[in-house]
Each structure stands twice: as structure tokens, then as C-alpha cells.
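> sequence and predicted structure are below.
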Number of protein chains: 2
Amino acid sequence: MDIAHRTTDQQTPAEQRRRELLEAADRVVLRDGPKASMNAIAAEAGITKPILYRHFGDKGGLYRALATRHTDALLASLRASLDAPADRRRRVEATLDTYLASIEAMPQVYRFLMHPAEESHQTEQGFDVGRHSAPLLRRMGEELGQVIAERVDLGPAAEAQARIWGHGIVGMMHAAGDWWLGERPCSRAELVKSLADLLWGRLAEADDRPGGPGF
Amino acid sequence: MDIAHRTTDQQTPAEQRRRELLEAADRVVLRDGPKASMNAIAAEAGITKPILYRHFGDKGGLYRALATRHTDALLASLRASLDAPADRRRRVEATLDTYLASIEAMPQVYRFLMHPAEESHQTEQGFDVGRHSAPLLRRMGEELGQVIAERVDLGPAAEAQARIWGHGIVGMMHAAGDWWLGERPCSRAELVKSLADLLWGRLAEADDRPGGPGF
DNA sequence: AGCATGACGTTACTTGCGGTAACAGCAGTC
DNA sequence: GACTGCTGTTACCGCAAGTAACGTCATGCT
């Protein structure tokens, strides 16, 4: 009685098993969202709970492993867009579009990554507030900040500025994408163009409207 | 035996009670974060669970009531900054600063509003993905989009553009603020200035750095 | 061979939370 | 005085996370 067909024989059975479990978990999370239960995941994998716990420690561990996989994949495609040989505006638009296309194609994955619904029975309160935010946003922000620092000449205090911009731009992309995905008020291309325009300072350039409210 | 000192006698006991319960819940959520249990909240209010459920239906109802209170408060102060009589750059900076000052002053509240950790025992999967995002972001985005549409002359397709920008800018502010609150890499004033600079198109103006990586 | 180690797997349990009966006191009110 | 409606209670259900204790088979060491 052998396993039906293993993808590659070139790795330890433990790693192989872990991959299988992660893939099963993936299927369940894609189907049920972040509220997928450990029982359900175990059942999907054809086993029972304690094995999951032996492999991943706790639910957070499993989810972290899943998130890392997807995050890595998304970051890889973003890096590709960021590294395309074109002028800055083109690269920015390509990156925005890549991100939006990804979340559009896999909304469940996106939702899982952004709202992990964490819970640790013993979180200390107070100082490390922001830590619970979706780690994907942080990673993307840091990454983009680094790219900006490398490529754009920002004068003094460039380092700090670049990081701020990285996180800010990622947040802009994320929030706009989240809203767009829910309401679909326009095409993806329009959204990309509008966001790029925003980054290109069109808010500052535009005139006031006649008869402003404050006067 | 009278209640110690009631704020106003001008309301029905039911409303009065509801306010008291919400204040107790507030205290617990501020102390324990979003994972505060209904038991704990009930205990803090000096009563037991079923009363909470009679007043708020379920946990989501209570949290929604709490969130609405805080969201309204934050939006009110943001509107004040947005309406200050000054030029656009000043208003933008004032609004950013107001937001950041708020989350800096009440990080627990902020965390609660942004990560409600919702759960409904019967969520349908698929179409309404983004719905679970923090409603505060949506409200702020819509609000800002409206303000932009009212005040800024954007030519054709102004409506759509303004909403996109509203959500985008709010997302930028949020993500940058979240990161900043966690790492405190610079002063609030510096963060405000950098973000305003980003919105003012300094990313587009800046030169490439000598020796870009692509070539 | 004999035996220890350790991965894989199970059943059955504990704990804790959201949520819900079912019941008890105590207004007002016709 | 009984009816209504509010306050409050204890005690329970269902369910999910996480754990304990046990069984089983392969491997490798002496």
C-alpha cells in the first residue's frame, strides 16, 4: 500500500506530509474563510486534529504557515512588476494592476490574508498595538519602502521618507482595492489610473471648485 | 438606594441602562482588546450575560454599537479639521494630524475599531468579500471622497475619481499610521509632512537615483 | 534477534465562549 | 388581584481549540 502519487520523491516524508496538510488547509480556508475549524481541516486532510497540532503547534501556527505561502507568492509577482524595465509611472501602474488583479482573482485568499482573526489566549495589552495588523501589509510596505529608497533620489532623510511612503502607498492600494472589490464601481484600469494620478500629485494641482463651502 | 450620580435625568431608564452597559463594555474592551468576552463585560457591568443579549442581540450587535460611538466621535473631529478655513495643504495636514493624534491617544480604541474580529455563524461565501473590513475605513473613505468631490474641481468623471481618492487617501493614512504607531520611527509632525508631500506629488517629481538596478 | 526511539495515528477528554431556555422578583395598571 | 413587561438570575446546549493517553509500525542500534 503506497501513497497514490507523490509529487516529488526528493524530500523528507515530513516535509512532504506538511505540504499535503497545508494544501488541504488551503482548500478548506478557500471554501470556508478564516472561520474554518481545525476539525474541518483535519477531515479534509483525511486525518484528525492532534496531527495538525503536532505539525503546526496551534491554529495560529497553521494560519501563519498558510499566510506565508500566499504572501510570498504575491510579493514575488509584485516584485516582478516593480522590476519591469519601464519609466516610473509605468512601473507604478503595473504594480498597482498586478496587486488588484491578484486580489480580484483570489478574493478568498485575499480575505484570509487580511483578516486572520487572530486570537492568543494570553496577549499582553498596551504597548505593541499595531502588531496584530495583517502582516502582509507590513511586509509589502517595507518592501516598497526599500525599493523607493534604492531607486528614488529623495535628498536628506531619504531613508525615513521612503519607508513612510512605502507604507502609505501600500495602504492606499489596499484600501482602495478592498473597497473596489466590494462595490466594483469602475473597471480595474480606471482604478489604476486614478490611483496613479493621485500619486502623481493631481490632488495638489486641481483647482478649487467655485463656491467652496467654507466661505 | 439611588444610582451614584446619573449624567442626565432626561431619558428613559432603558436608554440610560444601555449607555451604562456600553460604558462598561468600553472599559473592558479598552482593557482586554477585541477578545473581551461577554462574561467579562457583563461582570464589569455588575450583571450577567443574558441581559447583554437582551439589549444588543448578539456580540456583533454590542460591538457595532460600541464601534458606532467611537467612529462617530472620530469622524466629528476629522470633519472639523477638514472644514478649517485654510488652504488645501494646511487642511490636509491638519486632518492627517488629527487622525494620527487620535489613534496615538487611544490605541486600544483604534485597535478595536480596526480589527473587530467578526464572526457570524452563517456567513455566505464568495460575493461580498470586502464587507468584513473595518467599517470605519469605509465610512472615512466615503466621507473624504464626498468632501473632495464637493471642493475640488476634477473635470469629467469627477465623482468616481473623488471616491477613489477618498478611499485611497484614507487607506494611506491608516496604513502609515498603523505602522508608525507600532514602530514610532519618527515624530508625528514628520510623518504628517511626509504623507502630505506624497500626496503633493513629490514621488513623481523626484529624480532617479544614479545607477538604477535595472540597467 | 531483541529492543528502544520516534513519527503517525487514534479516541476521549477538558476548558472556555457564544448563545439560550426557564424561571424569579418587582414595578405599574386596569 | 391578576396581567403585562421589565429587571435579573441559574443552568444548560453546542461547538471549537487544545491536550492526554494510548496504540502501531518502521527504523536503527547493540
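Yep, it's here. Because the structure is a prediction, the values reported are computed rather than measured. Numbering: from 1, shown residues only, chains lettered A, B, ... in the order given.
> look up how far DNA strand C lies from A:Ala86.
In this structure, A:Ala86 and DNA strand C are 47 Å apart, going by CB to the nearest atom of the strand, to the nearest Å. (C-beta placed from N, C-alpha, C; glycine too.)
> any idea whether the closest residue to that residue other than its chain neighbours is helix, strand or coil?
When the adjacent residues along the chain are set aside, A:Ala86 lies closest to A:Ala94, with 7.2 Å between them (CB to CB, 6 or more residues apart in numbering or on different chains). Put simply, A:Ala94 is helix when judged by DSSP: H, G, I helix; E, B strand; the rest coil.
> burial measure for A:Ala94, as a count.
Counted by other CB atoms under 10 Å in any protein chain shown, the residues lying close to A:Ala94 total 18.
> likewise A:Arg18?
A:Arg18: 15 neighbours (other CB under 10 Å).
> tell me the SS of it?
Classification of A:Arg18 by three-state DSSP places it in helix.
> how near is it to DNA strand D?
When A:Arg18 is compared with DNA strand D (using CB to the nearest atom of the strand), they lie 17 Å apart.
> dump the residue contacts of the residue nearest to A:Ala86.
A:Ser81, A:Ala84, A:Ala86 (CB atoms under 8 Å, 6 or more residues apart in numbering or on different chains).
> now, among the residues you listed, which is nearest to B:Val109?
A:Ser81 (36.8 Å; CB to CB).
> list the contacts of the helix or strand that closest one falls within.
Under DSSP states H and E, the secondary-structure element containing A:Ser81 is helix A:59-82. The contact list for helix A:59-82 (CB under 8 Å, 6+ apart) reads A:22, A:25-26, A:29, A:34, A:38, A:41, A:52, A:55-56, A:91, A:94-95, A:97-99, A:102, A:109, A:112-113, A:116, A:118-120, A:135-136, A:139-140, A:143-144, A:147.
> which of these are buried? Put it as a PyMOL command.
In PyMOL, selecting the buried portion of the contacts of helix A:59-82, with burial taken from 16 or more other CB atoms under 10 Å in any protein chain shown, looks like this:
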select buried, chain A and resi 22+25+26+29+34+38+41+52+56+91+94+95+97+98+99+102+109+112+113+116+118+136+139+140+143+144+147
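> get me the contact residues on chain A for DNA strand C.
Proximity of chain A to DNA strand C, by CB under 7 Å from any atom of the strand, involves residues A:Pro13, A:Ala14, A:Arg17, A:Gly46, A:Ile47, A:Thr48, A:Lys49, A:Pro50, A:Ile51, A:Arg54, A:His55.
> by how many degrees do the helix ranked longest in chain A and helix A:59-82 diverge?
Longest helix in chain A by number of residues (criterion: DSSP state H): helix A:158-183. Angle of helix A:158-183 versus helix A:59-82, following axes from the mean of the first three to the mean of the last three CA atoms, to 10 degrees, is 100 degrees.
> give me the helices and strands touching helix A:158-183, please.
Contact analysis of helix A:158-183 by 3 or more CB pairs under 8 Å, 6 or more residues apart in numbering or on different chains; DSSP states H and E lists helix A:88-105, helix A:107-114, helix A:135-151, helix A:188-199, helix B:135-151, helix B:158-183, helix B:188-199 as its packing neighbours.
> out of those, deepest packed?
Greatest average neighbour count among these goes to helix B:158-183 (a mean of 24), per mean count of other CB atoms under 10 Å in any protein chain shown.
> the residue nearest to A:Ala86 and B:Ala175: what is the separation?
Between A:Ala94 and B:Ala175 the distance, using CB to CB, to the nearest Å, works out to 21 Å.
> okay, domains of chain A per the record?
Following automatic domain parsing, one gets these domains for chain A: A:12-57, A:66-118+A:133-200.
> turn the ones you listed into JSON lines, including mean pLDDT.
As requested, the domains of chain A are arranged in JSON lines below (pLDDT from 0 to 100):
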{"stretch": "domain A:12-57", "mean pLDDT": "89"}
{"stretch": "domain A:66-118+A:133-200", "mean pLDDT": "91"}
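> neighbours of A:Pro50, how many?
Neighbours of A:Pro50 using other CB under 10 Å come to 10.
> likewise A:Ala80?
As a burial measure, A:Ala80 scores 12 neighbours (other CB under 10 Å).
> please apply the same query to A:Glu205.
When neighbours are counted by other CB under 10 Å, A:Glu205 comes out with 11.
> for chain A, which residue occupies the most central location?
In chain A, the centroid-proximal residue (CA atoms, centre = their mean) is A:Leu136; its distance is 4.2 Å.
> touching, it and A:Phe112? I think so.
No. Proximity of A:Leu136 to A:Phe112 does not meet the contact threshold set by CB atoms under 8 Å, at 10.1 Å.
> quick one: contacts for A:Glu142?
Under the criterion of CB under 8 Å, 6+ apart, the neighbours of A:Glu142 are A:Arg163, A:Gly166, A:His167.
> for the second one, which non-adjacent residue is spatially closest?
By that I understand A:Gly166. When the adjacent residues along the chain are set aside, A:Gly166 lies closest to A:Gly145, with 2.6 Å between them (CB to CB, 6+ apart).
> count of residues packed around the spatially closest residue to A:Ser102 that is not a sequence neighbour?
Spatially, and ignoring its direct neighbours in sequence, A:Ser102 is nearest to A:Leu74 (5.7 Å; CB to CB, 6+ apart). Counted with other CB under 10 Å, the neighbours of A:Leu74 add up to 21.
> A:Leu74 and A:Leu136: what is the separation?
As it turns out, when the distance is counted by CB to CB, A:Leu74 lies 7 Å from A:Leu136.
> quick one: pLDDT of A:Gly61?
Reading off the confidence values, A:Gly61 has pLDDT 92.
> residues near it, how many?
Look at A:Gly61: counted by other CB under 10 Å, it has 13 neighbours.
> let me have the helices and strands packed on helix A:158-183 in JSON lines, adding distance to DNA strand D as columns.
As requested, the helices and strands packed on helix A:158-183 are arranged in JSON lines below (distance: least, CB to the nearest atom of the strand, whole Å):
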{"stretch": "helix A:88-105", "distance to DNA strand D": "25"}
{"stretch": "helix A:107-114", "distance to DNA strand D": "13"}
{"stretch": "helix A:135-151", "distance to DNA strand D": "18"}
{"stretch": "helix A:188-199", "distance to DNA strand D": "34"}
{"stretch": "helix B:135-151", "distance to DNA strand D": "25"}
{"stretch": "helix B:158-183", "distance to DNA strand D": "23"}
{"stretch": "helix B:188-199", "distance to DNA strand D": "35"}
